[in-house]
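**Student:** prediction below, plus the sequence it came from.
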Amino acid sequence: IDNEAWGRQRDLEKYPPPFGNALYTQDLYFHTLNSGFRIPPAAGSASGVPHTPFGYNRVYVQVDGEMNWEKWWAGLRGGRCFVSNGPLLQVKANDKWPGHVFTAPKGETVAVYLKMELVSRDAISAIEIIRNGHVVRTLSAAEWKNNGGLGQLEFDESGWFLVRALTDVAHTYRFAMTGPFYVEIGEQKNRISAASVDVFLDWAIDAKENAKKAPPEKQAAIASYHERSIQFWKKRLTEANAE
């Protein structure tokens, strides 16, 4: 689907068709992580909204030992997962699954080496390492195979990273993406980006303005929620420790 349905509309110049909706949605997820919220990715088919079959969008969770629902949900909450509508992707950083938190004292560096297993029916067009919402390394499938891995990342401040694999399917955005890994340096547990918080603050303010188009009785019913949302993001902005 290449529209936001009932959601906030994207900037079509920044996120043009045919992949704009998918990239916009993922960037919103990255802004969520950049706002200091450790929420693992999940997936649902939404069959009937887009023209995709049941089970098209999926989340896979790493479960050790015998699988049961309790372990599966615990694994998802812990971020030991990847989402996909095509490729099967497994990534370890220093032999740890996604969701792991790497720590180091202030002034020291965290170095992580990334290894990946990837299976895809479609040709892979790019493998991307995303750090704090930005693509910091792009490899071809051939480079990954020749290198025997994805290389090393170094952190001297807190943040997060994940891996995304893209296919060359032209008519739809077919990909797989791991849950994030986290890095904590010193006492700073979360990296909170002012720019990312601003995205949600602006959204909350716009939503309050748009609500003025509703009948008065409906405005009254939701006014306090809009104001609480705005105040929440304003407070979050005061806690920002990154641009």
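**Tutor:** All right, it came through fine.

**Student:** which stretch of helix or strand covers residue 126?
**Tutor:** Element membership of residue 126 [criterion: DSSP states H and E] is strand 124-131.

**Student:** flag every buried residue along the next helix or strand after that strand.
**Tutor:** Sequence-wise, the next helix or strand beyond strand 124-131 is strand 134-139, with elements assigned using DSSP H and E. Buried residues in strand 134-139, counting neighbours by 16 or more other C-beta atoms under 10 Å, are found at residue 139. (Each C-beta comes from the backbone N, C-alpha and C, glycine too.)

**Student:** mean confidence for strand 134-139?
**Tutor:** With pLDDT averaged residue by residue, strand 134-139 scores 98.

**Student:** which elements pack onto that strand?
**Tutor:** Counting contacts by 3 or more C-beta pairs under 8 Å, 6 or more residues apart in numbering; DSSP states H and E, strand 134-139 packs against strand 124-131.

**Student:** how far does the strand it packs on sit from its chain's centre?
**Tutor:** In terms of C-alpha atoms, centre = their mean, to the nearest Å, the centre of strand 124-131 is found 13 Å from the chain centre.

**Student:** adjacent strands (with direction) for that strand?
**Tutor:** Applying DSSP bridges, strand 124-131 is found paired with strand 134-139 (antiparallel), strand 159-167 (antiparallel).

**Student:** dump the last one to PDB, restricted to CA.
**Tutor:** Backbone C-alpha positions of strand 159-167 (Å, rounded to 0.1, in the frame of the first residue of the first chain) are rendered in PDB as follows:
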ATOM      1  CA  GLY A 159      22.900   4.600  20.900                       C
ATOM      2  CA  TRP A 160      21.400   1.700  19.000                       C
ATOM      3  CA  PHE A 161      21.900  -0.200  15.700                       C
ATOM      4  CA  LEU A 162      20.100  -2.800  13.500                       C
ATOM      5  CA  VAL A 163      20.500  -4.500  10.100                       C
ATOM      6  CA  ARG A 164      18.100  -4.300   7.200                       C
ATOM      7  CA  ALA A 165      18.200  -6.400   4.000                       C
ATOM      8  CA  LEU A 166      16.500  -5.100   0.900                       C
ATOM      9  CA  THR A 167      15.400  -7.000  -2.300                       C
END
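
**Student:** for that strand, the averaged confidence score.
**Tutor:** What strand 159-167 shows for mean pLDDT is 98.

**Student:** list the contacts of the helix or strand just after it.
**Tutor:** Counting by DSSP H and E, the next helix or strand C-terminal to strand 159-167 is strand 175-178. The contact list for strand 175-178 (C-beta atoms under 8 Å, 6 or more residues apart in numbering) reads 22, 26, 41, 81-89, 91, 98, 118, 120, 162-167.
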